[in-house]
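*Asks:* Have a look; sequence and predicted model below, questions after that.
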Amino acid sequence: MAYLEPNEFATKMVDSGEQKIFMSTKDTYIRAFMAGAILALAAFFAITVAVKTGVPLIGALLFPVGFIMLYLCKFDLLTGVFTLVPLALIDKRPGCTMSGLMRNWGLVFIGNLSGALMVAFFASFILTYGYQTDGGVLAEKVSKIGESRTLGYQAQGVGGWFTIFIRGMLCNWMVSMGVVGAMISTSAGAKMAAMWMPIMLFFFMGFEHSIVNMFLFPFSMIMGGDFTVMEYLIWNEIPTALGNLAGGFLLVGLPLYLTHVKTSKERKVAGVKTVAAL
C-alpha cells in the first residue's frame, strides 16, 4: 500500500481547497447534488438495515459505502469543503478570497440539499406506493427519529442546542479524518479502508451530519413526523452545520496545516555542538 507522508497529503489538502474555489458553477453544483443524493441513499439503506435486523451496528457498518462511492467519484459534501477550502485562504493562494469561499460553500449547500431532497421524495414514494399507504414500521421509526432529534433537543433549551453543536463537531471530526485518510494512500482499496472506520464511528454514535439530516428530516416529516421546518432548522440543521464547520476546520484541517505545511523550526539544545562542527 503506497503511503504519503503527512506533509505530502497536507499539501494536497490545500491544493484541493484551492481547486474547489475555482471550480465552475456547473461542476460544483452537479458534484454536490450527486454527493447529497448518494449519501442520502446510503442513510436510507443503513436505517432500513438497522430497522429490519434490529441491530443498529449492522447499519453503521454498511453506511460508509455511500461516503466511499461519492469520494471516489470526487463529489463534494459541505462537510468536506468546510475542512479544505479555508486552507487555501490561510495559505494565501493567489485569487483565493472570502467571496470565493462563500460561493463554493453556498453552491455545495444548495447541491447537497437538492440531492438529499430528491432521495427523500423517492424513499417516501416507494415506501407508501405513491402515498397510498402509511409506510409501515420503517416510516414510523423515521418519524420518531425526526421528532426526537428536533423536539427532544428543544425540550432541553440552550443545553440541547449546544449538544447538537458538539455532536456536529464530533461528526465532522470523524468525517474529515475519513477524507484525510483517503489522501494518505494512492490505492483504491487502501482509501476505502481508511475511510470506513471514522465514518462508521460517527454514524453508530449518533453524531449529527448536516447532509444526512437534509435527507432524514424532510423524509421524517413526509412520513408523519410532528415537527415544523423552522423547528428542524433551529433545533437541528443550523447548529449541526455550525458544529460540522468547527469540527472539520478546527480539529482536522487547521491542525494538519499548522504542523505539516507551516512547520516551525526544530528546537536546538543549548550547548550541544553539531556533528559537522565536531
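*Replies:* That came in fine, so what should we check first?
*Asks:* Could you use CA atoms for every contact and neighbour count after this?
*Replies:* OK.
*Asks:* Contacts for stretch 155-171 next, please.
*Replies:* 152-154, 202, 206-210, 235-236, 239-248 (Cα atoms under 8 Å, 6 or more residues apart in numbering).
*Asks:* Which among those residues count as buried?
*Replies:* 153-154, 202, 207-210, 235-236, 239-248 (16 or more other Cα atoms under 10 Å).
*Asks:* low-confidence ranges in this protein?
*Replies:* Within the chain, the stretches with pLDDT under 70 are 1, 270-278.
*Asks:* Tell me where the longest helix sits in it.
*Replies:* Secondary structure of the chain per DSSP state H: the longest helix is helix 98-128.
*Asks:* Which of the residues in it are classified as buried?
*Replies:* By neighbour count with 16+ other Cα under 10 Å, helix 98-128 contains the buried residues 100-101, 103-105, 107-120, 123-125, 127.
*Asks:* Now do that helix: which elements does it pack against?
*Replies:* Other helices and strands packing on helix 98-128, by 3 or more Cα pairs under 8 Å, 6 or more residues apart in numbering; DSSP states H and E, are helix 6-22, helix 25-53, helix 78-90, helix 210-222.
*Asks:* could you list every residue that touches residue 225?
*Replies:* By Cα under 8 Å, 6+ apart, the contact set of residue 225 is 142-144, 146-147.
*Asks:* again, only this time at 10 Å
*Replies:* Residues in contact with residue 225 (Cα atoms under 10 Å, 6 or more residues apart in numbering) are 139-148, 217-219.
*Asks:* what about burial for those, which qualify?
*Replies:* Buried members of these, scored by 16+ other Cα under 10 Å, are 139, 141-148, 217-219.
*Asks:* Let's have these in JSON lines, adding secondary structure.
*Replies:* Formatted as JSON lines, the buried ones among the contacts of residue 225 follow (DSSP: H, G, I helix; E, B strand; the rest coil):
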{"residue": "139", "secondary structure": "helix"}
{"residue": "141", "secondary structure": "helix"}
{"residue": "142", "secondary structure": "helix"}
{"residue": "143", "secondary structure": "helix"}
{"residue": "144", "secondary structure": "helix"}
{"residue": "145", "secondary structure": "helix"}
{"residue": "146", "secondary structure": "helix"}
{"residue": "147", "secondary structure": "helix"}
{"residue": "148", "secondary structure": "helix"}
{"residue": "217", "secondary structure": "helix"}
{"residue": "218", "secondary structure": "helix"}
{"residue": "219", "secondary structure": "helix"}
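*Asks:* Out of these, the closest to residue 3 would be?
*Replies:* Nearest to residue 3, judged by Cα to Cα, of those is residue 217 at 39.1 Å.
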